[in-house]
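Student: I need the structure of the sequence given here:
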Amino acid sequence: MIDYKAVNVEVINFSAIGIDEVYQNLKVLYTTPEGTVPFDREFGINTDFIDEPIPIAQGRLIVEYTDKTRRFEPRATVDEVFFHTDVNTGKLVPRVVIRIDIEAE
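Tutor: Residues are numbered from 1 along each chain as shown. Got it, this is the predicted structure:
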């Protein structure tokens, strides 16, 4: 389960460049539910997995992070996704490991 109340997105730095810009873009991408951005309903992470068993949710999240990163922030590549899980509460906390190539576009 994604606890959106626990996610804090800092003030957006509109003059961010380089690695800081990539990290900021990914934070926004990963914390935006798909379908909530007007005129770009595919932006964000699909949350249809929320009531699925943890192993299925993990697999779907890995695919989402990988595909959406490739599509919306081509300067980053997902290397690995780790999960902290609490099977008693069903809480699933992802940690995305990325590689950045500033020259890619």
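
Student: Spatially central, which residue of this structure would that be?
Tutor: Tyr30 (2.4 Å; C-alpha atoms, centre = their mean).

Student: Is the nearest residue to Asn13 once chain neighbours are set aside in a helix, a strand, or coil?
Tutor: Take Asn13 and drop its neighbours on the chain: the residue closest to it by C-beta to C-beta, 6 or more residues apart in numbering is Gln24, 6.4 Å away. Where C-beta positions appear, they are placed from N, C-alpha and C, glycine not excepted. Assigned with DSSP: H, G, I helix; E, B strand; the rest coil, Gln24 falls in the helix class.

Student: So Gln24 is in contact with Ala16, correct?
Tutor: Yes - assessed by C-beta atoms under 8 Å, Gln24 is found in contact with Ala16 at 5.2 Å.

Student: Now do the same contact list for the residue in the chain sticking out farthest from the centre.
Tutor: Computed with C-alpha atoms, centre = their mean, the residue of the chain farthest from its C-alpha average is Asn88, at 23.9 Å. Shown in contact with Asn88 (C-beta atoms under 8 Å, 6 or more residues apart in numbering): no residues.

Student: Make sure Glu80 is indeed in a strand.
Tutor: Yes - according to three-state DSSP, Glu80 belongs to a strand.

Student: Give me the pLDDT value at it.
Tutor: Confidence at Glu80, expressed as pLDDT, is 95.

Student: Now the closest residue to it other than its chain neighbours: which helix or strand?
Tutor: Distance criterion C-beta to C-beta, 6+ apart; nearest residue to Glu80, sequence neighbours excluded, is Val97 at 4.4 Å. Element membership of Val97, judged by DSSP states H and E, is strand 91-100.
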